[in-house]
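Q: A predicted structure for the sequence below; I have some questions about it.
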Amino acid sequence: MTAQTTKNISLHEAVTLGLSSNPIILQSRHEVKSARGKILQAGKIQNPEIGFTLNEVPSGYKFGSANEKDISISQFFEYPTKRSNRISSASFDEQIAIAGVEQAKVLVTNSIRKAYINAQYSREVVRNIEKQLMMFSDFQSTITDKYKTGEAKYFDVVRIEIETARLHNDLLEAKNNDIRMQSALKNSIGDSSATYYIPQDSLVFQPIIVNKDSVIDVLIRQSNILKMKRLQIEKKESNVTLAKSSYYPDYGVGLAYQRRTPSSSFLGVEFKVAVPLWFWQEPQGLVEDAIAQLSIAEVQLRAVEYKIRNNLKSAYASVQSAGRQMKNIEQILKKGLSEMQSVALSQYRNNQIDLLNLFDVYRSVRTMQEEYIRSVANYENALAELEVAAELITD
């Protein structure tokens, strides 16, 4: 088995690594190369045809004695606008693919950020339980001393041992979850090495004050999926022009060297046109199809704009809700909850409260600390969802 190592990493470093190694990014870049290849295909020109003809060949298949020998070269040409229209249509595919790369960068960055936040949260939960265990170790010593002097009951000693065992189980579960979050962070980065990454940035509440309408307008302007939809419309418009050019005929020219007798030769010139006698149904069908596809693209753009605007409103509301929850948590913490444990322990030593009340204080403080961390993580995740709301379409 390959030994696994750990490495501390900042969010910026994680994003930088992910943008260079994530398979979604790599795939989208190859799609740009594929689109460029299709532009070259769209600009193809038919190859010339070279022919060699022998007529009036004597019996016995004496080809060298044929009375008529022709060498010809011909080239077929499309109507001038057809090739340029095909190239124009294919060029939009390249622009759409480039916008797809930018969208992939946004989505991968957002995925890494959310995985990083979850890994931060799981790490903080582990640290919080470890702090509680250290406090319980001191607490256990206090109860043992009180038991030796007869000030505490044996039941109290057993109760603290049970509570400590429960905390150890909680710590084991928290560590297992932390490993899962590290794995999720590694997967979001797209790293195939044996290294697991540990967030080195602290999980800190950093509220943002932004106007709802301005945020929505900015994110809509930056939306890559909307850019791709608009490019799709431009491509469909180009396809309509291309379809209309199918009404125009193609033509060909040729040149031939004709030898009729050993002493006489001639030069032949050929010009031919693909006369559109039976062309009405196919070109008309191409045009109608292209126009219908253009209308579909326009409807899809309006639908996507509507969904994105709703997504942004919902995501902004989630940020506001998470922010209000953070303010509520901070108000509770301002009441001196962090000092309650030391005060309660002092009161227990002085026989002012019993063991059960002391446990209630410890649990309340631990719960409040965990809720604070969870609220910060929820707020950061809500911000991350807001940033990506203009790139994801949900029903």
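A: Ah, there it is. Model, not experiment: these values are computed from the prediction. Numbers count the residues shown, from 1 in each chain.

Q: Show me which positions of the lowest-mean-pLDDT helix or strand in the chain end up buried.
A: Least confident helix or strand, the chain: helix 340-349 with a mean of 78, by mean pLDDT, DSSP states H and E. For helix 340-349, burial by neighbour count (16 or more other C-beta atoms under 10 Å) applies to 341, 344-345, 348. All C-beta atoms are positioned from the backbone trio N, CA, C, and that covers glycine.

Q: Which one of those residues is nearest to residue 366?
A: Using C-beta to C-beta, residue 341 comes nearest to residue 366 of the buried residues of helix 340-349, at 9.0 Å.

Q: mind listing what the closest one touches?
A: Listed by C-beta atoms under 8 Å, 6 or more residues apart in numbering, the contact set of residue 341 reads 135, 361-362, 365.

Q: can I get those residues in a markdown table with neighbour count and distance to residue 14?
A: Output for those, formatted as a markdown table (neighbours: other C-beta atoms under 10 Å; distance: C-beta to C-beta, whole Å):
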| residue | neighbour count | distance to residue 14 |
| --- | --- | --- |
| 135 | 17 | 33 |
| 361 | 18 | 38 |
| 362 | 20 | 35 |
| 365 | 19 | 32 |
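
Q: out of the residues you listed, which one sits closest to residue 292?
A: residue 365 (66.0 Å).

Q: isn't the closest one right up against residue 339?
A: No. Applying C-beta atoms under 8 Å, one finds residue 365 not in contact with residue 339, separated by 9.3 Å.

Q: where along this structure do the strands fall?
A: Per DSSP state E, the chain carries strands over the ranges 5-9, 49-55, 68-77, 195-199, 251-261, 264-273.

Q: Out of these, which gets nearest to residue 26?
A: That would be strand 195-199 among those, by C-beta to C-beta, at 19.2 Å.

Q: That closest one packs against which elements?
A: Judged by 3 or more C-beta pairs under 8 Å, 6 or more residues apart in numbering; DSSP states H and E, strand 195-199 is in contact with strand 5-9, helix 11-21, helix 80-148, helix 154-189.

Q: what packs against the first one?
A: The contact analysis (3+ C-beta pairs under 8 Å, 6+ apart) places strand 5-9 against strand 195-199.

Q: same question, the second one
A: On a contact count with 3+ C-beta pairs under 8 Å, 6+ apart, helix 11-21 meets helix 80-148, helix 154-189, strand 195-199.

Q: Lovely, talk soon.
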